[in-house]
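**Student:** structural data only, the sequence is not supplied:
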């Protein structure tokens, strides 16, 4: 019975793809967007990153993992664990609300916002408080130069911009506001697969070094958030055609 | 051969008294011929260049001497200081390339970035990258074109597939070289020693991707567009009658930078990385995306992957 159990656990920890899953989970830990999916696994005691199984203590590792997972499940379902408390935090809208750490996860070069309309709270602030109008309307008044064509008619200003604090974008599910410098967190809420590829360096361009520090670019560096489709550009000139006797003969004939 | 060439000047000074003494004798004739051959060689290239070994057989000192000689040569020709690097492959690297053919818009910026970075001849025109345009749903290479020239790209109903050297793991071009002037480096880059190449063009005939180019004349590059940061096996100025090819910008990737085509691509369709690093973007692409390699049935085993990001 004991041997059967050990072998069963061995299968559990060594099935193919497990290492990749572990790596993925490790990446996720530092990223608040998917903190919710990680919350169940990353309970205070459930250290799934325990890699001792690689050193040969497979059985022990399996027991530790299963035990920890069970404990974690208990904590998550019955106790007020810290992860749970975080998700239940009421959404704050004051300017003092905690914000996502800018530039911590990805070294993204900042794209300066146009000076004429920022900071947004100069107009949408406490001094000059324009009333928030949640109605969708065609005439954008002072922002008339902005053409909103993002997902047809389904997306409109306040689907991304914070209605009560225009210096930020809509908050993450844990209440932290998203600054413009980290707009990829907001884009990733809808475009999850693209966000995943971008994090892995598959979608979009990367600069820096192939074996060292890499720079990412914000989604809005290439895609205007209001009209996101990539604009067509003029191609560079085509290559010269090779010399052919036929062509020379044609030219000679035309003269 | 070496007797004649060690002292070509002496031979020539010998010639005059010989001719006076022996007139049209055999000795005079031989001396004259020797002098002629020596003078011809001197005129075409220096004796160090003529007797230079293949790059992989050079000792460190010889490499250093060669680099110094090349620098002096380029300074005399272009009037500027060149860097001729000889960086060795980095341990634990095997370079591979991936290109998203769904994202490529066919703007040809990679083509001209490459031309600028690698000192490619402008006239006659040499471009390492060909951007093929296909009709949607068609993958027949023979029905593609590289001469498309619309107002704006991408065009509706077409897709684009840039083709360059695929850096095959089983490269047919390196097998056919009669003098081993081309070989695969330990980090997977297929390179050419231009000074060892005899210009027979067997490799061009063997390559199924048309990834190699021949200098039919001396390459012409505007002097203000020369890139003086070079590598011996990469973008140093080439001469007439040698074959050249894409080297993944060996002068850049051996110091950690991305190749130029990756750097200039406006849509980020081009990806480059180390196959041996499990966390590199190239490995993530191969693991998670649909990839294919061009003309896989020829068993050339290219390290150039085309992929679909969605």
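**Tutor:** Arrived safely. None of the values given here were measured: they were computed from a predicted structure.
**Student:** ok, and the closest non-adjacent residue to the residue of the stretch 101-250 of chain A at minimum distance from chain B?
**Tutor:** For the stretch 101-250 of chain A, the nearest residue to chain B under the criterion CB to the nearest CB is residue A:205, separated by 3.2 Å. The C-beta positions use only the backbone N, C-alpha and C, and glycine is treated the same way. Nearest non-adjacent residue to residue A:205, counting by CB to CB, 6 or more residues apart in numbering or on different chains: residue B:268, 3.2 Å away.
**Student:** if we can go back for a sec, quick check, the residue of the stretch 101-250 of chain A closest to chain B in contact with residue A:215.
**Tutor:** No - Residue A:205 is beyond contact range of residue A:215, at 9.2 Å (criterion: CB atoms under 8 Å).
**Student:** so the two - more neighbours on which side?
**Tutor:** residue A:205 (21 against 13; other CB atoms under 10 Å in any protein chain shown).
**Student:** so who does that one touch?
**Tutor:** Applying CB atoms under 8 Å, 6 or more residues apart in numbering or on different chains to residue A:205 gives the contacts A:217, A:222, B:265, B:266, B:267, B:268.
**Student:** got a list of what the residue nearest to residue A:205 touches?
**Tutor:** Per CB under 8 Å, 6+ apart, neighbours of residue B:268: A:203, A:204, A:205, A:206, A:217, A:222, B:100, B:103.
**Student:** again with residue B:95
**Tutor:** B:167, B:187, B:188, B:189, B:248, B:253, B:272, B:273, B:274, B:275, B:303.
**Student:** which of the residues you listed fall within helices?
**Tutor:** Secondary structure assignment by DSSP state H places residue B:253 of the contacts of residue B:95 in helices.
**Student:** would CSV of the contacts of residue B:95 with distance to chain A be doable?
**Tutor:** Below are those laid out as CSV (distance: CB to the nearest CB, whole Å):
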residue, distance to chain A
B:167, 15
B:187, 11
B:188, 13
B:189, 13
B:248, 10
B:253, 7
B:272, 6
B:273, 5
B:274, 7
B:275, 11
B:303, 14
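**Student:** which ones among the contacts of residue B:95 are found in strands?
**Tutor:** Mapping the contacts of residue B:95 onto strands (DSSP state E) picks out B:272, B:273, B:274.
**Student:** now do stretch B:113-128: distance to the chain's middle.
**Tutor:** Relative to its chain's centre, stretch B:113-128 lies at 11 Å (CA atoms, centre = their mean, to the nearest Å).
**Student:** circling back to that earlier point, list buried residues within the contacts of residue A:205.
**Tutor:** Buried by 16 or more other CB atoms under 10 Å in any protein chain shown: A:217, B:265, B:267, B:268, out of the contacts of residue A:205.
**Student:** would you check that residue A:188 makes contact with residue A:182?
**Tutor:** No - using CB under 8 Å as the test, residue A:188 is too far from residue A:182 to be in contact (10.0 Å).
**Student:** these two: who's more crowded?
**Tutor:** Higher neighbour count among residue A:188 and residue A:182: residue A:182, with 26 against 19, using other CB under 10 Å.
**Student:** circling back to that earlier point, now the residue nearest to residue A:205: phi and psi?
**Tutor:** phi 70, psi 30 (degrees, to the nearest 10).
**Student:** got the domain ranges for the chain?
**Tutor:** No chain was given, so I picked chain A. Split into domains by automatic domain parsing, chain A comes to A:2-87, A:115-222.
**Student:** hmm, no, I was thinking of chain B.
**Tutor:** Structural domains assigned to chain B are B:1-44, B:95-308, following automatic domain parsing.
**Student:** the first one - what's its average pLDDT?
**Tutor:** In other words, domain B:1-44. What domain B:1-44 shows for mean pLDDT is 62.
**Student:** which non-adjacent residue is nearest residue 220?
**Tutor:** You didn't say which chain, so I picked chain A. Once flanking residues are discounted, residue A:220 sits nearest to residue A:183: 5.7 Å by CB to CB, 6+ apart.
**Student:** wrong one, I was asking about chain B
**Tutor:** Nearest residue to residue B:220, sequence neighbours excluded (CB to CB, 6+ apart): residue B:123, at 4.7 Å.
**Student:** same thing with residue B:125?
**Tutor:** In this structure, residue B:125 finds its nearest non-sequential neighbour in residue A:240, 4.8 Å apart by CB to CB, 6+ apart.
**Student:** tally of neighbours for the one you found?
**Tutor:** Neighbour count for residue A:240, taken as other CB under 10 Å: 11.
**Student:** cool, and the one 3 residues further on?
**Tutor:** Counted by other CB under 10 Å, the residues lying close to residue A:243 total 9.
**Student:** OK, contacts around it?
**Tutor:** Listed by CB under 8 Å, 6+ apart, residue A:243 has no contact partners.
**Student:** so which residues of the stretch 201-310 of chain B form strands?
**Tutor:** Ranges of strands in the stretch 201-310 of chain B, per DSSP state E, counting those that start in this stretch, are B:212-214, B:229-231, B:243-245, B:270-274, B:290-292, B:304-308.
**Student:** what does the stretch 51-200 of chain A give?
**Tutor:** So, for the stretch 51-200 of chain A - with DSSP E, counting those that start in this stretch - the strands run A:168-169, A:178-179.
**Student:** pick the most deeply packed of the ones you listed.
**Tutor:** Highest mean neighbour count among these (mean count of other CB atoms under 10 Å in any protein chain shown): strand A:168-169, with a mean of 23.
**Student:** quick check: the residue nearest to residue B:220 vs residue B:77, distance?
**Tutor:** Separation of residue B:123 from residue B:77 (CB to CB, to the nearest Å): 17 Å.
**Student:** starting at the chain centroid, how far to stretch B:287-296?
**Tutor:** Remark: stretch B:287-296 is offset 25 Å from the chain centroid, using CA atoms, centre = their mean.
**Student:** near chain A at all, it?
**Tutor:** Yes - under the criterion of CB under 8 Å from any CB of the partner chain, chain A is reached by stretch B:287-296 at B:287, B:288, B:289.
**Student:** report the buried members of these.
**Tutor:** Here, 16+ other CB under 10 Å leaves residue B:289 buried among those.
**Student:** which residues sit in contact with residue A:130?
**Tutor:** So residue A:130 contacts A:123, A:124 (CB under 8 Å, 6+ apart).
**Student:** now it. Its backbone dihedrals?
**Tutor:** Note on residue A:130: its backbone torsions stand at phi -70, psi 140 [degrees, to the nearest 10].
**Student:** cool, residue A:216 as well?
**Tutor:** Recorded main-chain torsions at residue A:216 are phi -100, psi 170, according to degrees, to the nearest 10.
**Student:** count the neighbours of residue B:298 for me.
**Tutor:** For residue B:298, using other CB under 10 Å, the count is 14.
**Student:** got it, and residue A:129?
**Tutor:** For residue A:129, using other CB under 10 Å, the count is 10.
**Student:** show me the helices in the stretch 51-200 of chain B, by range?
**Tutor:** For the stretch 51-200 of chain B, the helices defined by DSSP state H, counting those that start in this stretch cover B:60-78, B:109-117, B:172-176.
**Student:** flag every residue of chain A that's near chain B.
**Tutor:** By the rule CB under 8 Å from any CB, the part of chain A lying against chain B is A:20, A:23, A:193, A:197, A:200-212, A:217, A:222, A:230, A:232-241.
**Student:** for ChimeraX, write a command that selects the buried ones of the residues you listed.
**Tutor:** Written as a ChimeraX command, the selection of buried residues from the residues of chain A next to chain B, which uses 16+ other CB under 10 Å, is:
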select /A:197,200,201,202,203,204,205,206,207,210,211,217,235,236,239
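**Student:** okay, the residue nearest to residue B:125: pLDDT?
**Tutor:** On the pLDDT scale, residue A:240 is placed at 92.
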